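J.: below are the sequence and a predicted model for it; my questions follow.
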Amino acid sequence: MWPAALCFFSATTNTAKWFRLASLCSNICFVIYGYYHELAPILFLHGVLAPMNTMQLLRAFSDDRKNNARSQERHVPERPYVVAQKA
């Protein structure tokens with residue numbers, strides 16, 4: 001049940017970090033499930049996807065850290081997207 005709930009949660013997230021984190025947790029749960037129930041295809045699939053999701057999650061955190069450092073160097077405050085209105 002937990003792996004399916006985590007898959008559903010990953011589909012409802014709005015940021016890449018939460019998506020990757022939920023997907024990674026789901027992969028881990030599916031690997032455990034596949035191991036205990038001797039389901040080789042599930043074990044293989046999620047065993048391959050887990051490292052991929054881990055690398056993407058680490059890259060997302062690394063990119064975010066780099067972007068935060070750049071914005072602090074420039075002292076640019078974050079502003080919401082504003083559409084210029086015609087006069």
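T.: Perfect, thanks for sending it. Worth saying up front: this structure is predicted, and the values here are computed from it rather than measured.

J.: for residue 7, grab the count of nearby residues.
T.: For residue 7, the count of nearby residues is 16 (other C-beta atoms under 10 Å). (C-beta placed from N, C-alpha, C; glycine too.)

J.: ok, now which ones touch residue 49?
T.: Going by C-beta atoms under 8 Å, 6 or more residues apart in numbering, residue 49 touches 23, 27.

J.: same thing but at 7 Å, please
T.: Residues near residue 49 by C-beta atoms under 7 Å, 6 or more residues apart in numbering: residue 27.

J.: how about the residue nearest to the spatial centre of the chain: what's its closest non-neighbour residue?
T.: Residue closest to the mean C-alpha point of the chain, counted by C-alpha atoms, centre = their mean, is residue 20 at 1.6 Å. Residue nearest to residue 20 in three dimensions, not counting chain neighbours: residue 57, with 4.0 Å by C-beta to C-beta, 6 or more residues apart in numbering.

J.: check which helix or strand covers residue 55.
T.: Using DSSP states H and E, residue 55 sits in helix 40-74.

J.: report the buried residues of that helix.
T.: For helix 40-74, burial by neighbour count (16 or more other C-beta atoms under 10 Å) applies to 42, 43, 46, 47, 49, 50, 53, 56, 57, 60.

J.: please work out the average pLDDT along it.
T.: Helix 40-74 shows a mean pLDDT of 81.
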